[in-house]
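Q: just coords:
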């Protein structure tokens, strides 16, 4: 169907060009169309030149134009092949992109499953473990998986509410990478020794003024 339509369009174009232009004009326009890369237009104009002016141009010129016609047809086929290859490459890239997106979704679902299985103290951070050359280290992450306290601890204990530690006398939080303390620290009324050295604290909660 496409082939029939192409030849019908070519015939109508040849008739139009032949009636509207002189032989010289058709030939020059054909060369200009070829120069601009419009091979379909160039093919039709070369064909129109042959249709109208074949006898006037002589055998040698006719052969030259016939050669040009065949050359334009080959270029059209090559152009079509390039377009088809480009479309095929677009489809391949789309398939790769879709596969990558599917993998991202799979990894996200896996990460969400892990995150949702953790207990987050006060819905803010959870204990996490990481292997460093065969040695386990513990740290704390938030719900986005960001490290809140680095993996510097060699052992881990369950979360304990400060409210249950009111009888605590000595507490060492040395080198714990802390940048703040909870207000509940003020409830440790029996605390006599508190080591906060080698942390990143810039202030203490006002409640600790009761200690």
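A: Sure thing, it's come through. The structure presented is a predicted model; accordingly, all values stated were derived computationally and were not measured.

Q: can you give me how far stretch 111-131 is from the chain middle?
A: Put simply, stretch 111-131 sits 28 Å off its chain's centre (C-alpha atoms, centre = their mean, to the nearest Å).

Q: tell me which element residue 29 falls in.
A: Assessed by DSSP states H and E, residue 29 sits inside helix 23-35.

Q: look up phi and psi at residue 176.
A: phi -100, psi 10 (degrees, to the nearest 10).

Q: from the contact counts, what lies against the helix holding residue 29?
A: helix 2-20, helix 39-57, helix 59-117 (3 or more C-beta pairs under 8 Å, 6 or more residues apart in numbering; DSSP states H and E). Bear in mind the C-beta positions are built from the backbone N, C-alpha and C, glycine included.

Q: tell me which of those is the most buried.
A: helix 39-57 (a mean of 20; mean count of other C-beta atoms under 10 Å).

Q: picking up where we left off before, pLDDT of the helix holding residue 29, averaged?
A: Averaging pLDDT along helix 23-35 yields 83.

Q: buried residues in that helix, which are they?
A: Neighbour counts over helix 23-35 (16 or more other C-beta atoms under 10 Å) mark 23, 26-27, 29-30, 33-34 as buried.

Q: in CSV, list these along with distance to residue 93.
A: CSV is the format used below for the buried residues of helix 23-35 (distance: C-beta to C-beta, whole Å):
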residue, distance to residue 93
23, 48
26, 42
27, 43
29, 39
30, 37
33, 33
34, 32
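
Q: re the thing from before, can you redo the helices and strands packed on helix 23-35 as TSV with distance to residue 137 and mean pLDDT?
A: Formatted as TSV, the helices and strands packed on helix 23-35 follow (distance: least, C-beta to C-beta, whole Å; pLDDT from 0 to 100):
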stretch	distance to residue 137	mean pLDDT
helix 2-20	68	48
helix 39-57	67	79
helix 59-117	18	89
